[in-house]
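**Q** Build me a structure from this.
(one chain, ligands or ions: 1)
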Amino acid sequence: MITRHEAYDLSQRNTFGMRVSCRLYVEVTEPEDLLTLDLESLPQPLFVMGGGSNLLFTGDFPGTVLHLANQGHTVLPGPEADASGLLVRVAAGVVFDDFCAWAAQEGLWGPENLSLIPGEVGASAVQNIGAYGVEAKDIIETVHAFDLQDRRFVDIPGADCGYGYRTSLFKTAWKGRYIITAVTFHLSTVPQPKLDYGGVRKALEARWREEGIGSETLRSQSDLRPSHKWAPPSNVPRVAQVSDPIPSSLSPQMIRDTIIGIRRTKLPDPEEVGSAGSFFCNPVISREHFERIVAIAKEENGPDYEVPHYEVGDQVKVPAAWMIDQCGFKGMRLGGAQVYPKQPLVIVNASGDATPDEIVALERRVIDTIKDKYGIELHPEVEHV
Ligand SMILES: Cc1cc2nc3c(=O)[nH]c(=O)nc-3n(C[C@H](O)[C@H](O)[C@H](O)COP(=O)(O)OP(=O)(O)OC[C@H]3O[C@@H](n4cnc5c(N)ncnc54)[C@H](O)[C@@H]3O)c2cc1C
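**A** Predicted coordinates for the structure are as follows:
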């Protein structure tokens, strides 16, 4: 089914809560309907959106916003499943966290670290969403899409999608060409906990102690060996046998719950305060440039001060949040826009009625200040539409 709304109010359709509209909003519930849709006759430009959680509408959109709202998932039978996992084809319009919740409930490993990331399954394959040491690309087998250029459905192997840090060919060379209709993920029936990022291990251990599960501590990833007789999900054939010891309570559900707990303390809940998550990408700079930043930081914070950073080959990634904080932006307001006090990488719609201009003005001020102080040009992760 295709539904059309003219002069459609998008304020409930973008997590930033920008009060903007589009000339035409088209919702498609069956991918096959895309074949009958006369795309050329629609007001242009055409923009495909998911849950609107990585977007900043900078004003009313003059063309058509198209949303694919198909639902459901299918566990693929037969030879596509291997001895340690199975393939699940999930419709693009499914809320990604609903998929994570389903997988965890079924005892399937793979997406649990991506729990609570807002948005839909289709966009997860565009964005290569990531959190706590896992990226969507790690579990994407195939992306199913409608090719607007050749007007046909295509299946693109995940390995061909050019995935990198929060990017893919869908965001670059293929921008505007495909409407993603579904994604096939491979999930594991064998425990594959990833605990070494962002305090997950610590939070999990604390939880175990609280719940009196025992004095077990999670030492290193290699200490984790399956122990319990793993119970297969009800609708999935038994494909894996696990027999070595890991704490028997460690399940994808437990990791999911832990990650949800961590995220809730750090990130704004889109239901309560508007944002699009991390506003800026973390810059990667030369070692020489990093040394200059270290010198500035030591001058300001004392000789023992250590600048947070990650080695990326022979370059260095510096957290944008650290730089924003060092420039005194944490909690700073500009009209209704604010640098989120708990996580300066996020810009929020603090007043609830911030305008796109206010968000962009605050963004500009952050970018200019960091450029002046550190010689680094921050780039937004949030897509401006
Ligand atoms: C509070 C908060 C926390 C967040 N935390 C994280 C995080 O931890 N990690 C992370 O990676 N991201 C995070 N994000 C960003 C966001 O959740 C992801 O980028 C998400 O994938 C966006 O999904 P969406 O459905 O809302 O897509 P949208 O924002 O609507 O669209 C994003 C892009 O995908 C394209 N697109 C969407 N659907 C389709 C489709 N069916 N076919 C073709 N193109 C499509 C759009 O054109 C656009 O280019 C966070 C956002 C918020 C608000």
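
**Q** Let me know the helix or strand that the closest residue to the ligand within the stretch 201-350 of the chain is in.
**A** Relative to the ligand, the nearest point of the stretch 201-350 of the chain is G277 (2.5 Å; Cβ to the nearest ligand atom). All C-beta spots, glycine's among them, are computed from the backbone N, C-alpha and C. Counting by DSSP states H and E, the element that carries G277 is strand 274-278.

**Q** For that strand, the averaged confidence score.
**A** Strand 274-278 shows a mean pLDDT of 96.

**Q** likewise stretch 209-216?
**A** In this model, stretch 209-216 has a mean pLDDT of 63.

**Q** ok, now stretch 163-170?
**A** Per-residue pLDDT values across stretch 163-170 average out to 94.

**Q** I'd like the distance from it to the chain centre, please.
**A** 12 Å (Cα atoms, centre = their mean, to the nearest Å).

**Q** Check stretch 90-97 too.
**A** 13 Å.

**Q** Let me see the residues that make contact with it.
**A** 29, 31, 50-51, 67-73, 99, 111, 114-124, 129, 179-185 (Cβ atoms under 8 Å, 6 or more residues apart in numbering).

**Q** Please narrow those residues to those residing in strands.
**A** 67-68, 73, 179-185 (DSSP state E).

**Q** which among those gets closest to the ligand?
**A** Comparing those against the ligand with Cβ to the nearest ligand atom places I180 closest, at 3.6 Å.

**Q** residues in contact with that closest one?
**A** Counting by Cβ under 8 Å, 6+ apart, I180 touches 68, 92, 122-123, 125-126, 143-145, 170.

**Q** For it, which non-adjacent residue is closest in space?
**A** G122 (4.0 Å; Cβ to Cβ, 6 or more residues apart in numbering).

**Q** Could you do A145 as well?
**A** Leaving out its chain neighbours, the residue that sits closest to A145 by Cβ to Cβ, 6+ apart is Y178, at 3.9 Å.

**Q** wait, the residue of the stretch 201-350 of the chain closest to the ligand sits on L267?
**A** Yes: G277 is in contact with L267 according to Cβ atoms under 8 Å; the separation is 7.1 Å.

**Q** Any chance you could list residues touching both of the two?
**A** Between them, G277 and L267 share the contacting residues V346, judged by Cβ under 8 Å, 6+ apart.

**Q** How about the secondary structure of E40?
**A** Here E40 is recorded as helix under DSSP: H, G, I helix; E, B strand; the rest coil.

**Q** Contacts only, for the residue minimising distance to the centre of the chain.
**A** With distances taken as Cα atoms, centre = their mean, the residue of the chain nearest its centroid is I129 (3.3 Å). Contact analysis of I129 by Cβ under 8 Å, 6+ apart lists 96, 114, 117, 119, 123, 135-136, 166.

**Q** which one of those sits closest to the ligand?
**A** G119 (2.2 Å).

**Q** Would you mind measuring from the residue of the chain positioned farthest from its centre to K373?
**A** Centroid-distance maximum for the chain: P303 at 36.9 Å, with Cα atoms, centre = their mean. Note on P303: its distance to K373, by Cβ to Cβ, to the nearest Å, is 19 Å.

**Q** same thing with V385?
**A** From V385 to K373 the distance is 30 Å (Cβ to Cβ).
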